[in-house]
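K.L.:
can you look at this prediction? I've put the sequence above it.
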Amino acid sequence: MKYWIMNYCLKSMSCVIGHLEELFVQGELLGKGGNGCIFAGFRKTDGLPVAIKYVLKSRANVVMDADGPLPLEVALMKRVNAAPACPYILQLIDWFDLPTEYALVLERPHPCQDLSGFCKAQGGVLSEELAHYVLLQVVVALWHCQDRGVVHRDIKPSNLLIKTDTLQVKLIDFSCGKLLKDSPFEDFAGSLSYLPPEWFHDMKYLAGPATVWSLGVTLFQLVCGCWPFQRRKKTVHGRFKFPHWVSADCKRLIRWCLTPSVVYRPTLEKIALHPWFRGTQETGEKDHCKTQQDLEEHSATHKRSCWRCPWQSSWHSAHWWSTLSAQSK
């Protein structure tokens, strides 16, 4: 399938400068799926750790750039990586057009785990103090994507890397992503367990409310250690129960994100301003009270509309992640 895309900083990176093997050394297999596989590696010039992802051309969506066809995943990553970049989104370093595959050379943080494995290493659940620090970074990353006209469509713990030494989060894998649009999406993407009830009702969904739903499922998994919904019927009706250790504020936020009715689900802005995010952390000196005050002040004075999406809030992502980064230092 081919799409047309606006020329949004797509010429900042050449797809073929020399050969892949001349610039990078490929190492061990990190994982594989139906569309391709990914290997560890490093750049020859400076030893930079990278991940090399191969995507079969027969399975890749393609957009038409001014210079020719471009893999949609590459186009989306270039949009979200264009300066000023967000530190909570994995960086695309280079890409190559091979005879039967596309090769994407990606940033490889070290040391890191995907968030699913990190939770298991913590005993199956995260403390709420750690969970809200992690989740706020995810919200910032999603707002940045939204601000750049991109919807990820596959938010889940296994698509979030966390640096185990700094707890910095990186959103990865834009293979299910699309350009943001006002109208509903009617194609299946991502993981069935994270799809919102409107998909099961109408076989379509809006980008914003669906993103918030998957964020709610992810937060439930982080703090509860299990799925909120065991059967599709419970997903449609939004029926789930909490373990006894989950705080009242956290329960309220999750219930809000997992509201079956699209019109009552919060925006990313409202999620970040929820009382659950207020207070200090056990993960260091990160004071989220200061972060929230800055966000509220910015929200009051910098109202704007981006990409003409009706569910979009009015903040600029640069303030979000710059403020959060300052709190992490």
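P.N.:
Thanks, I have it. Numbering: from 1, shown residues only.
K.L.:
which stretches of the stretch 1-150 of the chain have low pLDDT?
P.N.:
Applying pLDDT under 70 to the stretch 1-150 of the chain flags residues 1-18.
K.L.:
80 instead, please
P.N.:
Residue ranges of the stretch 1-150 of the chain with pLDDT under 80: 1-18, 33-35, 65-68.
K.L.:
for it, which segments count as strands?
P.N.:
Counting by DSSP state E, counting those that start in this stretch, the stretch 1-150 of the chain has these strands, from start to end: 2-4, 24-32, 36-43, 49-56, 62-65, 68-71, 92-97, 101-107, 112-114, 150-151.
K.L.:
pLDDT value on the residue most central in space within the chain, please?
P.N.:
Central residue of the chain (Cα atoms, centre = their mean): L171, 4.1 Å from the mean position. pLDDT recorded at L171 is 99.
K.L.:
look up how far K78 lies from it.
P.N.:
15 Å (Cβ to Cβ, to the nearest Å). To be clear about C-beta, it is placed using only N, CA and C from the backbone, and glycine gets the same treatment.
K.L.:
cool, K44 as well?
P.N.:
The gap separating K44 from K78 is 23 Å, by Cβ to Cβ.
K.L.:
the more surrounded of the two?
P.N.:
Each of K44 and K78 has its neighbours counted (other Cβ atoms under 10 Å); K78 has more, 22 against 12.
K.L.:
so how far is Y102 from that one?
P.N.:
Distance from K78 to Y102, by Cβ to Cβ: 13 Å.
K.L.:
do the same with E22
P.N.:
18 Å.
K.L.:
compare those two and say which is more crowded by neighbours.
P.N.:
Remark: of E22 and Y102, Y102 carries more neighbours, 22 against 8, as counted by other Cβ under 10 Å.
K.L.:
I'd say that one and R59 touch.
P.N.:
No. Between Y102 and R59 there is no contact under Cβ atoms under 8 Å: 10.0 Å.
K.L.:
list the buried ones in stretch 37-51?
P.N.:
In terms of neighbour count (16 or more other Cβ atoms under 10 Å), stretch 37-51 has its buried residues at I38, F39, A40, G41, F42, V50, A51.
K.L.:
other SSEs contacting the top helix by length along the chain?
P.N.:
Ordering each helix of the chain by length in residues (DSSP state H) puts helix 128-147 first. Applying 3 or more Cβ pairs under 8 Å, 6 or more residues apart in numbering; DSSP states H and E, one finds that helix 128-147 contacts strand 160-163, strand 169-171, helix 207-224, helix 268-272, helix 288-301, helix 317-328.
K.L.:
off-centre distance for the shortest one?
P.N.:
When distances are taken as Cα atoms, centre = their mean, to the nearest Å, strand 169-171 is centred 7 Å away from the chain's centroid.
K.L.:
quick one: contacts for L206?
P.N.:
Going by Cβ atoms under 8 Å, 6 or more residues apart in numbering, L206 touches P184, F185, E198, V262, W311.
K.L.:
so which of these sit within helices?
P.N.:
Of the positions in the contacts of L206, E198 sit in helices, assigned by DSSP H.
K.L.:
same list (the contacts of L206) but as TSV, adding neighbour count, distance to V134 and pLDDT.
P.N.:
TSV is the format used below for those (neighbours: other Cβ atoms under 10 Å; distance: Cβ to Cβ, whole Å; pLDDT from 0 to 100):
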residue	neighbour count	distance to V134	pLDDT
P184	16	30	97
F185	17	27	97
E198	19	27	95
V262	18	26	95
W311	20	23	33
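K.L.:
could the contacts of L206 go into TSV alongside distance to L273?
P.N.:
Shown next, in TSV, are the contacts of L206 (distance: Cβ to Cβ, whole Å):
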residue	distance to L273
P184	27
F185	27
E198	25
V262	20
W311	16
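K.L.:
between the contacts of L206, which sits nearest Q113?
P.N.:
Proximity of these to Q113 was ranked by Cβ to Cβ; the top entry is F185 with 30.2 Å.
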